[in-house]
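[1] Give me the fold of what follows.
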Amino acid sequence: MFTFDATPVKFVGLLLLFAWCTAWSLYEVTRHQGRRHRISHGLHLGMAVVMLLMVARPTWSALTAVLPTPAWVAVFGLATLWFGWLTVDAARASDRAGRLHFAGHTLMFAAMTWHLAAMAAKMATMAAGAGSSPQQGTMAAGMGGHGMAGRADGDVLWWFALAGLPLMAYLLVAAVGALRRALAPAPARAHVLVGAGGHSCGDEQPAGTAAARMAAASEFAMNGGMFWMSTGLLTPILPFFALFAF
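    Have a look, this model is predicted:
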C-alpha cells in the first residue's frame, strides 16, 4: 500500500499499470472462448483488480474488510495450482509452447501469493511494534524489533524476502521479455505468439499485430508492476531496494 504524498511516482505508476491490466483482462474475458480460456482470463482479471485495489490504503482496507488477507492468499494459492495443472496438461500433450506459457503464469500467480503472505507478515510485525510500550519502541528502533519477539519477527520477514528472490527474478525477466515483444518490429513472416492446441490463455496471434502488442503490453504491466510493488518486501536482504520507493 502506498500514498501519493510519500511515493507519488510509484503510486501513480502502479495505478496506471494495473488499470491497464484490468482493462485488457476485462476485454479478454468477454471475448468468445472456451471454458478453460475463460477461467484463465477470469483469474488474470481478478489478480489485476486486486493489485489495483492494493495500491491505495483505503481501497485495500475496503477489500480486506470483505475478505481478509489470509483468504486472498488461499485464493491465489488455488489459482497457482490451476495454472500448475494446465502446465502439466500441456506437457502431457507435448505442447512445449503451451507448457512454457502456463509455467510462466504459474510463477506469476505464485509471486502474487507470496506477495500477499509476505505483506500480511509485515503488517503483523508493524502492528506488534505499534502495540509495544514507548520503551520497547525505542529498543525496536535500535534493534529492528523489540526483544526476542522483534528478532523473531525480523527473521520471518528475512525468510519471506529470501523465498521471494527467485519469484522476483522471474517477474523482472518476464517484464523485460514482454516489453521487447510489445515494441519489436513486425517480422517479415507471421509468427504465432502462443502455442496451438488450446494449451494457452489466449488466441493464436501473429507477432507484431496490434492485438499481440497490447497483450504483451498488458503482460509487461502485470509482471513489471508486481515487481515494482514488491520491492519493499525484499529490503530485509536487499536494503537498496528501498530506492524503488519514490
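[2] Mind giving me the packing neighbours of the helix or strand containing residue 180?
    Residue 180 belongs to helix 147-183 when assigned by DSSP states H and E. Helices and strands touching helix 147-183, by 3 or more Cβ pairs under 8 Å, 6 or more residues apart in numbering; DSSP states H and E, are helix 96-130, helix 134-143, helix 210-230. Heads up, the C-betas are built off the backbone N, CA and C, glycines and all.
[3] go again using 6 Å as the cut-off
    Judged by 3 or more Cβ pairs under 6 Å, 6 or more residues apart in numbering; DSSP states H and E, helix 147-183 is in contact with helix 96-130, helix 210-230.
[4] worst average pLDDT in those?
    Among the helices and strands packed on helix 147-183, helix 96-130 has the lowest mean pLDDT, at a mean of 91.
[5] and that one, which residues are buried?
    For helix 96-130, the buried set under the neighbour-count rule, 16 or more other Cβ atoms under 10 Å, comprises 97-99, 101-122, 125, 128-129.
[6] Kindly reformat the helices and strands packed on helix 147-183 as TSV containing distance to residue 160.
    Listed next are the helices and strands packed on helix 147-183 as TSV, based on distance: least, Cβ to Cβ, whole Å:
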stretch	distance to residue 160
helix 96-130	4
helix 210-230	11
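[7] okay, now the closest residue to residue 224 other than its chain neighbours: neighbour count?
    Spatial nearest neighbour of residue 224, chain neighbours left out: residue 175 (3.6 Å); criterion: Cβ to Cβ, 6 or more residues apart in numbering. Using other Cβ atoms under 10 Å, residue 175 has 20 other residues around it.
[8] rewinding a little: which stretch among the helices and strands packed on helix 147-183 comes nearest residue 51?
    Residue 51 lies closest to helix 210-230 among these, at 6.6 Å (Cβ to Cβ).
[9] that older thread, for residue 73, find the nearest of the helices and strands packed on helix 147-183.
    Nearest of the helices and strands packed on helix 147-183 (Cβ to Cβ): helix 96-130, 4.8 Å.
[10] what separates the closest one from the chain centre, distance-wise?
    7 Å (Cα atoms, centre = their mean, to the nearest Å).
[11] List the backbone torsions phi and psi for residue 2.
    Residue 2 adopts backbone torsions of phi -140, psi 170, taken as degrees, to the nearest 10.
[12] which SSE is the residue lying closest to it once chain neighbours are set aside in?
    Once flanking residues are discounted, residue 2 sits nearest to residue 11: 4.6 Å by Cβ to Cβ, 6+ apart. Taking DSSP H and E as the criterion, residue 11 maps to helix 8-29.
[13] for that helix, the distance to its chain's centre please.
    Using Cα atoms, centre = their mean, the distance from the centre of helix 8-29 to the centre of the chain it belongs to is 12 Å.
[14] State the mean pLDDT of that helix.
    96.
[15] shift numbering so it begins at 665
    All right, first residue 665 from here; so that's helix 672-693.
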